[in-house]
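S.K.: Need coordinates for the below:
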Amino acid sequence: MASASTAATTHKMRGLLQVCCRKKERDRDHHHHPFKVVEITPPPRNLGVRCLPSNIHCGESVTIEGQAYTVSAVIHRYQLRKGKYEPRERRIDVQSTGRYILNLYLENLLEQS
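M.R.: Have a look, this model is predicted:
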């Protein structure tokens, strides 16, 4: 289970705002990267930028401000610049754990019918 940390610093680089996770907050085994976190349950709600392990994946549980969420999607967007693709955005879409389990149950019922 990943715990979302708010320990991040911002730097202005090439006219863009860049968020870097503090070294002190990192685990030894995994590097942490800033992810924009969006709760996708309608209406979508921005939960801010959080430092999470780079190997985070769908179905993993995260805790943000005491609330349990389950990762629904991990999105990496790139931009072509000077003939190279550069990372532009890291985002995870989350749902409350209860909502995620309910959706899985309902999808299973639909497939069985």
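
S.K.: Look up how far I101 lies from the nearest residue to Y85 once chain neighbours are set aside.
M.R.: Nearest non-adjacent residue to Y85, counting by Cβ to Cβ, 6 or more residues apart in numbering: Y78, 4.3 Å away. Every C-beta, even on glycine, is put in place using the N, C-alpha and C of the backbone. Taking Cβ to Cβ, to the nearest Å as the measure, Y78 falls 33 Å from I101.

S.K.: try P42
M.R.: P42 is 17 Å from I101, by Cβ to Cβ.

S.K.: which residues of this protein fall in helices?
M.R.: Assigned by DSSP state H, the helices in the chain fall at 97-112.

S.K.: ok, R91 touching R77?
M.R.: Yes: at 7.5 Å, R91 and R77 qualify as touching, with contact defined as Cβ atoms under 8 Å.

S.K.: Could I get the CA-only coordinates of the longest strand seen in the chain as PDB?
M.R.: Of all segments of type strand in the chain, defined using DSSP state E, the longest is strand 67-81. Taking Å, rounded to 0.1, in the frame of the first residue of the first chain, the C-alpha atoms of strand 67-81 are listed here in PDB:
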ATOM      1  CA  GLN A  67      -8.900   8.500   2.900                       C
ATOM      2  CA  ALA A  68      -8.300   5.100   1.200                       C
ATOM      3  CA  TYR A  69      -8.400   5.100  -2.600                       C
ATOM      4  CA  THR A  70      -7.700   2.400  -5.300                       C
ATOM      5  CA  VAL A  71      -5.800   3.300  -8.400                       C
ATOM      6  CA  SER A  72      -8.000   2.900 -11.500                       C
ATOM      7  CA  ALA A  73      -5.500   4.200 -14.200                       C
ATOM      8  CA  VAL A  74      -1.900   5.300 -14.400                       C
ATOM      9  CA  ILE A  75      -1.300   7.800 -17.200                       C
ATOM     10  CA  HIS A  76       2.100   9.000 -18.600                       C
ATOM     11  CA  ARG A  77       1.900  11.700 -21.200                       C
ATOM     12  CA  TYR A  78       4.800  12.700 -23.400                       C
ATOM     13  CA  GLN A  79       5.400  15.700 -25.700                       C
ATOM     14  CA  LEU A  80       7.600  15.600 -28.900                       C
ATOM     15  CA  ARG A  81      10.200  18.400 -28.500                       C
END
